[in-house]
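In: Test case, fold it:
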Amino acid sequence: MTQLLLYAIATTLLLFVAFDAFVTVFSTRGAGPMTGLWTRSAWKALLAIHRRRPVHRVLAMSGPMMLLLAILAWYALLGLGWFLLFAGDATSVIDKGTGTAVGLPEKVYFVGATISGVGYGDLVPRGLPWTVLSNVAVLSGTVLLTTSLSYVLSVISAAIERKRLAEGIFAVGGDVEEFVANAWARDPGGPLDDHIMRLASRIGDHSLKHLCYPVLHYYHSDDPRQSPSRAILLLSDALFLIDHYASPEARPPEGVLKVAWSSIENYSSRADNGVVGIEQVDRDVPNHLDRETLVQLGIPTRTSGTDAGPSGYLERRRRLVAMCRQDGWSAS
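Out: Residues are numbered from 1 along each chain as shown. As a prediction, the model looks like this:
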(Lines give C-alpha, C1' and ligand atoms only; values in the text may rest on other atoms or scores of the structure.)
Protein backbone atom coordinates (compact mmCIF):
# COMPACT_ATOMS: atom_id res chain seq x y z
CA MET A 1 0.00 0.00 0.00
CA THR A 2 2.80 2.40 0.92
CA GLN A 3 4.60 1.49 -2.29
CA LEU A 4 1.56 2.27 -4.44
CA LEU A 5 1.05 5.56 -2.59
CA LEU A 6 4.65 6.58 -3.29
CA TYR A 7 4.25 5.70 -6.97
CA ALA A 8 1.02 7.71 -7.17
CA ILE A 9 2.52 10.76 -5.44
CA ALA A 10 5.68 10.58 -7.57
CA THR A 11 3.76 10.28 -10.84
CA THR A 12 1.42 13.12 -9.91
CA LEU A 13 4.32 15.35 -8.92
CA LEU A 14 6.27 14.65 -12.11
CA LEU A 15 3.23 15.32 -14.30
CA PHE A 16 2.47 18.52 -12.38
CA VAL A 17 6.02 19.84 -12.79
CA ALA A 18 5.97 18.98 -16.49
CA PHE A 19 2.64 20.76 -16.93
CA ASP A 20 3.69 23.85 -14.98
CA ALA A 21 6.97 24.18 -16.88
CA PHE A 22 5.29 23.51 -20.23
CA VAL A 23 2.60 26.16 -19.71
CA THR A 24 5.12 28.71 -18.43
CA VAL A 25 7.72 28.18 -21.15
CA PHE A 26 5.72 27.21 -24.24
CA SER A 27 2.23 28.59 -23.72
CA THR A 28 1.05 32.12 -24.57
CA ARG A 29 -1.58 32.01 -21.80
CA GLY A 30 0.69 33.06 -18.97
CA ALA A 31 2.50 31.20 -16.21
CA GLY A 32 1.70 27.71 -14.99
CA PRO A 33 -0.50 27.29 -11.89
CA MET A 34 2.33 26.87 -9.38
CA THR A 35 4.68 29.45 -10.89
CA GLY A 36 1.88 31.97 -11.37
CA LEU A 37 0.60 31.58 -7.81
CA TRP A 38 3.86 32.04 -5.94
CA THR A 39 5.25 34.79 -8.19
CA ARG A 40 2.04 36.84 -7.90
CA SER A 41 2.02 36.37 -4.14
CA ALA A 42 5.68 37.34 -3.81
CA TRP A 43 5.22 40.45 -5.98
CA LYS A 44 2.14 41.49 -4.02
CA ALA A 45 4.10 41.23 -0.77
CA LEU A 46 7.00 43.24 -2.22
CA LEU A 47 4.64 45.95 -3.45
CA ALA A 48 3.06 46.17 0.01
CA ILE A 49 6.51 46.87 1.47
CA HIS A 50 7.35 49.25 -1.38
CA ARG A 51 4.25 51.38 -0.79
CA ARG A 52 5.27 51.94 2.83
CA ARG A 53 8.92 52.55 2.04
CA PRO A 54 10.13 52.70 -1.58
CA VAL A 55 12.52 49.85 -2.37
CA HIS A 56 13.07 50.25 -6.10
CA ARG A 57 16.39 48.42 -6.04
CA VAL A 58 14.79 45.42 -4.36
CA LEU A 59 11.99 45.41 -6.93
CA ALA A 60 14.56 45.69 -9.71
CA MET A 61 16.18 42.44 -8.50
CA SER A 62 12.91 40.60 -7.92
CA GLY A 63 12.28 39.73 -11.58
CA PRO A 64 15.64 37.98 -12.16
CA MET A 65 15.37 36.28 -8.76
CA MET A 66 11.87 34.99 -9.53
CA LEU A 67 13.09 33.62 -12.84
CA LEU A 68 15.97 31.82 -11.14
CA LEU A 69 13.80 30.50 -8.31
CA ALA A 70 11.16 29.24 -10.75
CA ILE A 71 13.76 27.13 -12.56
CA LEU A 72 15.26 25.88 -9.28
CA ALA A 73 11.77 24.97 -8.05
CA TRP A 74 11.13 22.91 -11.19
CA TYR A 75 14.43 21.08 -10.73
CA ALA A 76 13.83 20.47 -7.04
CA LEU A 77 10.33 19.09 -7.60
CA LEU A 78 11.50 17.05 -10.58
CA GLY A 79 14.21 15.51 -8.41
CA LEU A 80 11.75 14.89 -5.58
CA GLY A 81 9.35 13.15 -7.93
CA TRP A 82 11.99 10.81 -9.31
CA PHE A 83 13.35 10.15 -5.82
CA LEU A 84 9.91 9.10 -4.56
CA LEU A 85 9.50 6.84 -7.57
CA PHE A 86 12.82 5.05 -6.97
CA ALA A 87 12.21 5.02 -3.21
CA GLY A 88 9.05 3.01 -3.78
CA ASP A 89 11.14 -0.10 -4.45
CA ALA A 90 13.93 -0.92 -1.99
CA THR A 91 15.93 -2.70 -4.72
CA SER A 92 15.47 -0.18 -7.56
CA VAL A 93 19.07 1.06 -7.30
CA ILE A 94 22.08 -1.14 -6.57
CA ASP A 95 25.80 -0.74 -6.05
CA LYS A 96 27.52 -1.78 -9.27
CA GLY A 97 30.48 -3.28 -7.43
CA THR A 98 28.68 -5.37 -4.82
CA GLY A 99 25.26 -5.83 -6.45
CA THR A 100 23.50 -4.94 -3.20
CA ALA A 101 20.59 -2.52 -2.89
CA VAL A 102 21.40 0.95 -1.59
CA GLY A 103 19.58 3.09 0.97
CA LEU A 104 17.66 6.33 0.63
CA PRO A 105 20.68 8.68 0.97
CA GLU A 106 22.38 6.92 -1.93
CA LYS A 107 19.19 7.17 -3.98
CA VAL A 108 19.17 10.93 -3.43
CA TYR A 109 22.65 11.04 -4.95
CA PHE A 110 21.62 8.68 -7.76
CA VAL A 111 18.60 10.78 -8.74
CA GLY A 112 20.61 14.00 -8.62
CA ALA A 113 23.33 12.53 -10.83
CA THR A 114 20.74 11.08 -13.20
CA ILE A 115 18.64 14.18 -13.89
CA SER A 116 21.76 16.34 -14.15
CA GLY A 117 23.16 13.99 -16.79
CA VAL A 118 26.58 13.47 -15.18
CA GLY A 119 26.28 9.67 -15.21
CA TYR A 120 25.48 6.95 -12.70
CA GLY A 121 28.90 6.30 -11.18
CA ASP A 122 28.94 3.29 -8.85
CA LEU A 123 25.14 3.35 -8.44
CA VAL A 124 23.05 1.88 -11.26
CA PRO A 125 19.38 0.95 -11.77
CA ARG A 126 18.55 -2.73 -11.24
CA GLY A 127 17.08 -4.13 -14.44
CA LEU A 128 13.68 -3.35 -15.90
CA PRO A 129 11.69 -1.15 -15.48
CA TRP A 130 14.26 0.93 -13.59
CA THR A 131 16.73 1.18 -16.46
CA VAL A 132 13.98 2.59 -18.69
CA LEU A 133 12.80 4.97 -15.99
CA SER A 134 16.38 6.13 -15.44
CA ASN A 135 16.65 7.00 -19.13
CA VAL A 136 13.36 8.89 -18.92
CA ALA A 137 14.71 10.76 -15.88
CA VAL A 138 17.84 11.75 -17.81
CA LEU A 139 15.68 12.94 -20.71
CA SER A 140 13.40 14.96 -18.44
CA GLY A 141 16.34 16.70 -16.80
CA THR A 142 17.97 17.46 -20.15
CA VAL A 143 14.77 18.84 -21.66
CA LEU A 144 14.15 20.99 -18.59
CA LEU A 145 17.71 22.32 -18.69
CA THR A 146 17.71 23.24 -22.38
CA THR A 147 14.25 24.81 -22.35
CA SER A 148 15.07 26.75 -19.17
CA LEU A 149 18.22 28.19 -20.74
CA SER A 150 16.31 29.20 -23.88
CA TYR A 151 13.59 30.73 -21.73
CA VAL A 152 16.11 32.75 -19.70
CA LEU A 153 17.72 34.18 -22.84
CA SER A 154 14.33 35.10 -24.29
CA VAL A 155 13.23 36.80 -21.06
CA ILE A 156 16.45 38.82 -20.83
CA SER A 157 16.01 39.95 -24.43
CA ALA A 158 12.39 40.94 -23.75
CA ALA A 159 13.43 42.80 -20.58
CA ILE A 160 15.90 44.85 -22.61
CA GLU A 161 13.24 45.59 -25.23
CA ARG A 162 10.81 46.87 -22.62
CA LYS A 163 13.40 49.41 -21.46
CA ARG A 164 14.03 50.48 -25.04
CA LEU A 165 10.29 50.95 -25.53
CA ALA A 166 10.04 53.25 -22.52
CA GLU A 167 13.11 55.22 -23.57
CA GLY A 168 11.69 55.59 -27.09
CA ILE A 169 8.53 57.22 -25.71
CA PHE A 170 10.25 59.43 -23.14
CA ALA A 171 12.74 60.55 -25.80
CA VAL A 172 9.90 62.52 -27.43
CA GLY A 173 8.92 64.20 -24.16
CA GLY A 174 9.25 63.78 -20.43
CA ASP A 175 5.65 64.84 -19.77
CA VAL A 176 2.44 65.13 -21.76
CA GLU A 177 2.87 68.79 -22.67
CA GLU A 178 6.43 68.29 -23.92
CA PHE A 179 5.45 65.14 -25.79
CA VAL A 180 2.58 66.85 -27.63
CA ALA A 181 4.72 69.90 -28.38
CA ASN A 182 7.54 67.83 -29.86
CA ALA A 183 5.38 65.29 -31.66
CA TRP A 184 2.74 67.49 -33.27
CA ALA A 185 2.87 71.17 -32.38
CA ARG A 186 5.83 72.02 -34.61
CA ASP A 187 5.16 69.73 -37.56
CA PRO A 188 1.78 67.95 -37.62
CA GLY A 189 1.94 64.96 -39.91
CA GLY A 190 5.74 65.13 -39.90
CA PRO A 191 8.34 62.40 -39.43
CA LEU A 192 7.42 61.92 -35.77
CA ASP A 193 4.21 60.28 -36.97
CA ASP A 194 6.39 57.46 -38.26
CA HIS A 195 8.04 57.29 -34.84
CA ILE A 196 4.61 56.98 -33.20
CA MET A 197 3.74 54.14 -35.60
CA ARG A 198 6.95 52.33 -34.68
CA LEU A 199 6.22 52.83 -30.99
CA ALA A 200 2.73 51.40 -31.50
CA SER A 201 4.24 48.32 -33.13
CA ARG A 202 6.69 47.89 -30.26
CA ILE A 203 3.89 48.29 -27.71
CA GLY A 204 2.05 45.47 -29.47
CA ASP A 205 5.15 43.27 -29.35
CA HIS A 206 5.68 44.18 -25.69
CA SER A 207 2.14 43.18 -24.72
CA LEU A 208 2.46 39.83 -26.51
CA LYS A 209 5.75 39.11 -24.76
CA HIS A 210 3.99 39.57 -21.42
CA LEU A 211 1.82 36.60 -22.39
CA CYS A 212 4.77 34.52 -23.58
CA TYR A 213 7.03 35.45 -20.64
CA PRO A 214 4.79 36.22 -17.63
CA VAL A 215 7.81 36.81 -15.39
CA LEU A 216 8.22 40.10 -17.30
CA HIS A 217 5.46 41.46 -15.06
CA TYR A 218 8.04 41.52 -12.28
CA TYR A 219 10.95 43.07 -14.16
CA HIS A 220 11.00 46.48 -12.53
CA SER A 221 13.33 49.31 -13.53
CA ASP A 222 14.56 51.66 -10.81
CA ASP A 223 14.74 54.43 -13.44
CA PRO A 224 11.27 55.94 -14.03
CA ARG A 225 12.20 56.77 -17.63
CA GLN A 226 12.67 53.06 -18.31
CA SER A 227 9.23 52.05 -17.03
CA PRO A 228 6.98 50.95 -19.94
CA SER A 229 3.81 51.38 -17.88
CA ARG A 230 4.60 55.06 -17.18
CA ALA A 231 5.68 55.64 -20.77
CA ILE A 232 2.54 54.09 -22.25
CA LEU A 233 0.36 56.15 -19.89
CA LEU A 234 2.15 59.30 -21.10
CA LEU A 235 1.60 58.31 -24.74
CA SER A 236 -2.05 57.55 -24.05
CA ASP A 237 -2.64 60.96 -22.45
CA ALA A 238 -0.92 62.71 -25.36
CA LEU A 239 -3.02 60.81 -27.89
CA PHE A 240 -6.17 61.71 -25.98
CA LEU A 241 -5.40 65.42 -26.08
CA ILE A 242 -4.77 65.41 -29.82
CA ASP A 243 -7.61 63.04 -30.67
CA HIS A 244 -10.20 64.74 -28.45
CA TYR A 245 -9.40 68.44 -28.73
CA ALA A 246 -7.14 69.21 -31.72
CA SER A 247 -8.62 70.65 -34.89
CA PRO A 248 -8.45 68.49 -38.06
CA GLU A 249 -5.47 70.35 -39.53
CA ALA A 250 -3.45 69.79 -36.33
CA ARG A 251 -4.23 66.09 -36.04
CA PRO A 252 -2.06 63.28 -37.33
CA PRO A 253 -3.58 60.92 -39.91
CA GLU A 254 -6.49 58.88 -38.57
CA GLY A 255 -4.55 55.72 -39.31
CA VAL A 256 -1.79 56.76 -36.92
CA LEU A 257 -4.28 57.43 -34.13
CA LYS A 258 -6.17 54.20 -34.75
CA VAL A 259 -3.06 52.03 -34.71
CA ALA A 260 -1.70 53.76 -31.59
CA TRP A 261 -4.98 53.44 -29.71
CA SER A 262 -5.29 49.79 -30.70
CA SER A 263 -1.80 48.98 -29.42
CA ILE A 264 -2.50 50.68 -26.08
CA GLU A 265 -5.81 48.84 -25.74
CA ASN A 266 -4.08 45.52 -26.44
CA TYR A 267 -1.41 46.36 -23.89
CA SER A 268 -3.94 47.12 -21.16
CA SER A 269 -5.76 43.84 -21.79
CA ARG A 270 -2.76 41.53 -22.25
CA ALA A 271 -0.15 42.85 -19.84
CA ASP A 272 -2.31 43.60 -16.81
CA ASN A 273 -1.50 40.40 -14.86
CA GLY A 274 -4.84 40.66 -13.08
CA VAL A 275 -4.56 44.35 -12.21
CA VAL A 276 -5.97 45.16 -8.79
CA GLY A 277 -6.60 48.47 -7.14
CA ILE A 278 -8.38 50.16 -10.07
CA GLU A 279 -11.13 51.25 -7.70
CA GLN A 280 -8.50 53.13 -5.67
CA VAL A 281 -7.43 55.27 -8.64
CA ASP A 282 -8.71 58.85 -8.49
CA ARG A 283 -11.69 59.52 -10.76
CA ASP A 284 -10.91 63.24 -11.09
CA VAL A 285 -9.75 64.56 -14.45
CA PRO A 286 -6.02 65.46 -14.36
CA ASN A 287 -5.31 69.11 -15.12
CA HIS A 288 -3.22 68.33 -18.19
CA LEU A 289 -6.14 66.54 -19.89
CA ASP A 290 -7.77 69.82 -20.79
CA ARG A 291 -8.23 71.74 -24.02
CA GLU A 292 -6.31 74.64 -22.46
CA THR A 293 -3.16 72.52 -22.65
CA LEU A 294 -3.29 72.60 -26.45
CA VAL A 295 -4.17 76.30 -26.46
CA GLN A 296 -1.06 77.10 -24.42
CA LEU A 297 1.03 75.07 -26.86
CA GLY A 298 -0.39 77.01 -29.79
CA ILE A 299 -2.15 73.99 -31.31
CA PRO A 300 -5.47 74.82 -33.02
CA THR A 301 -8.44 73.25 -31.25
CA ARG A 302 -11.89 72.25 -32.44
CA THR A 303 -14.54 74.90 -32.72
CA SER A 304 -17.26 72.41 -31.81
CA GLY A 305 -17.49 69.39 -29.59
CA THR A 306 -14.64 70.51 -27.37
CA ASP A 307 -16.81 70.70 -24.30
CA ALA A 308 -17.38 66.95 -24.25
CA GLY A 309 -15.71 65.66 -21.11
CA PRO A 310 -13.09 62.90 -21.15
CA SER A 311 -15.23 60.56 -19.05
CA GLY A 312 -15.06 57.79 -21.65
CA TYR A 313 -11.27 57.90 -21.62
CA LEU A 314 -10.94 58.08 -17.84
CA GLU A 315 -11.91 54.45 -17.29
CA ARG A 316 -9.18 53.31 -19.68
CA ARG A 317 -6.75 55.70 -18.04
CA ARG A 318 -7.57 54.44 -14.55
CA ARG A 319 -6.58 50.98 -15.70
CA LEU A 320 -3.28 52.27 -17.06
CA VAL A 321 -2.65 54.12 -13.79
CA ALA A 322 -3.35 50.92 -11.85
CA MET A 323 -0.86 49.11 -14.08
CA CYS A 324 1.74 51.76 -13.20
CA ARG A 325 1.14 51.07 -9.53
CA GLN A 326 1.42 47.33 -10.17
CA ASP A 327 4.80 48.11 -11.72
CA GLY A 328 5.88 49.90 -8.54
CA TRP A 329 5.48 53.44 -9.90
CA SER A 330 3.01 56.26 -9.49
CA ALA A 331 1.37 57.89 -12.50
CA SER A 332 3.13 61.23 -11.95
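
In: If you tally nearby residues, what's the number for Ala76?
Out: Neighbour count of Ala76, defined by other Cβ atoms under 10 Å: 12. Every C-beta, even on glycine, is put in place using the N, C-alpha and C of the backbone.

In: Which other helices and strands does the helix or strand where it lies contact?
Out: Assessed by DSSP states H and E, Ala76 sits inside helix 56-87. Identification of packing neighbours for helix 56-87 by 3 or more Cβ pairs under 8 Å, 6 or more residues apart in numbering; DSSP states H and E yields helix 2-26, helix 33-52, helix 104-116, helix 130-170.

In: so what's the residue nearest to Val152 when sequence neighbours are not counted up against?
Out: What sits nearest to Val152 in space, not counting adjacent residues and going by Cβ to Cβ, 6 or more residues apart in numbering, is Leu67, at 6.4 Å. The contact partners of Leu67, taken as Cβ atoms under 8 Å, 6 or more residues apart in numbering, are 152, 155, 215.

In: do that again at 10 Å, thanks
Out: 35, 39, 148, 151-152, 155-156, 159, 213, 215-216, 218-219 (Cβ atoms under 10 Å, 6 or more residues apart in numbering).

In: Kindly report the same for Ile232.
Out: Taking Cβ under 10 Å, 6+ apart, we find Ile232 in contact with 165-166, 169, 199, 203, 206-207, 263-264, 267-268, 271, 320, 323-324.

In: Likewise for Asp205?
Out: Contacts for Asp205 (Cβ under 10 Å, 6+ apart) come out as 158, 161-162, 165, 263.

In: same thing with Leu234?
Out: Contacts of Leu234 by Cβ under 10 Å, 6+ apart are 166, 169-170, 172-176, 178-179, 320, 331.

In: Roughly how far does it sit from Thr131?
Out: 61 Å (Cβ to Cβ, to the nearest Å).

In: How many neighbouring residues does the closest residue to Asp243 other than its chain neighbours have?
Out: Closest residue to Asp243 apart from its sequence neighbours, by Cβ to Cβ, 6+ apart: Leu257 at 5.4 Å. If you count neighbours by other Cβ under 10 Å, Leu257 ends up with 17.

In: my guess is Leu257 meets Leu241, correct?
Out: No - contact criterion Cβ atoms under 10 Å: Leu257 and Leu241 do not qualify, at 11.5 Å.

In: Give me the pLDDT for Trp184.
Out: Note for Trp184: predicted pLDDT of 68.

In: Give me the nearest residue to the residue nearest the centre of the chain, chain neighbours excluded.
Out: For the chain, Leu216 is the residue whose C-alpha lies nearest the centre (Cα atoms, centre = their mean; 2.5 Å). Spatial nearest neighbour of Leu216, chain neighbours left out: His210 (5.3 Å); criterion: Cβ to Cβ, 6+ apart.

In: swap in Val295?
Out: Among residues not flanking Val295 along the chain, Thr301 sits closest, at 6.3 Å (Cβ to Cβ, 6+ apart).

In: mind checking how far that neighbour is from Pro129?
Out: In terms of Cβ to Cβ, Thr301 sits 78 Å off from Pro129.

In: re the thing from before, could I get the contacting residues of the residue nearest to the centre of the chain?
Out: Taking Cβ under 10 Å, 6+ apart as the criterion, Leu216 is in contact with 63, 67, 155, 158-159, 161-162, 206, 209-210, 228, 271, 273.

In: Could you dump the residues you listed into JSON lines and include distance to Leu294 and pLDDT?
Out: Converted to JSON lines, those look like this (distance: Cβ to Cβ, whole Å; pLDDT from 0 to 100):
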{"residue": "Gly63", "distance to Leu294": "38", "pLDDT": "91"}
{"residue": "Leu67", "distance to Leu294": "44", "pLDDT": "93"}
{"residue": "Val155", "distance to Leu294": "40", "pLDDT": "92"}
{"residue": "Ala158", "distance to Leu294": "36", "pLDDT": "92"}
{"residue": "Ala159", "distance to Leu294": "36", "pLDDT": "92"}
{"residue": "Glu161", "distance to Leu294": "32", "pLDDT": "91"}
{"residue": "Arg162", "distance to Leu294": "30", "pLDDT": "90"}
{"residue": "His206", "distance to Leu294": "28", "pLDDT": "88"}
{"residue": "Lys209", "distance to Leu294": "34", "pLDDT": "87"}
{"residue": "His210", "distance to Leu294": "33", "pLDDT": "84"}
{"residue": "Pro228", "distance to Leu294": "26", "pLDDT": "91"}
{"residue": "Ala271", "distance to Leu294": "29", "pLDDT": "65"}
{"residue": "Asn273", "distance to Leu294": "34", "pLDDT": "58"}
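
In: quick check, nearest of these to Leu144?
Out: Leu67 (14.3 Å; Cβ to Cβ).

In: what's the distance between the closest one and Leu14?
Out: 22 Å.

In: Find the nearest non-adjacent residue to Val108, please.
Out: Val108's closest residue in space is Phe83 (Cβ to Cβ, 6+ apart), at 6.1 Å.

In: what number of residues lie near that neighbour?
Out: Neighbours of Phe83 using other Cβ under 10 Å come to 22.
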